[in-house]
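Novice: coordinates only, no sequence provided:
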């Protein structure tokens, strides 16, 4: 149980932390996203950009973790 918890904490925690950091940075620094509503196109553009940035930022982290033998276990 301890080994599984450690693996999940490292693999999921590191990946999610990097992804969320980049997503929030893009959302905050894309003009108009934070003040727009759900029906605004800028909101959805910002969310798409944030999701893409999070994916791109987390990719090398996940690649490195898999290379080290630390894999996501679902």
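Specialist: That came in fine, so what should we check first? The model shown is predicted, which means the values in this text are computed figures rather than measured ones.
Novice: tell me the mean pLDDT over the helix or strand residue 13 falls within?
Specialist: Take DSSP states H and E as the rule and residue 13 turns out to sit in helix 2-29. The predicted model gives helix 2-29 an average pLDDT of 88.
Novice: relative to the whole chain's centre, how far out is it?
Specialist: Relative to its chain's centre, helix 2-29 lies at 6 Å (CA atoms, centre = their mean, to the nearest Å).
Novice: look up how far residue 13 lies from the spatially most central residue of the chain.
Specialist: The centroid of the chain falls nearest to residue 19 when counting by CA atoms, centre = their mean (1.8 Å). Distance, residue 19 to residue 13, using CB to CB, to the nearest Å: 11 Å. All C-beta spots, glycine's among them, are computed from the backbone N, C-alpha and C.
Novice: how about stretch 39-57: buried residues?
Specialist: Of the residues in stretch 39-57, 43, 46-47, 49-50, 53-54, 57 count as buried by neighbour count, 16 or more other CB atoms under 10 Å.
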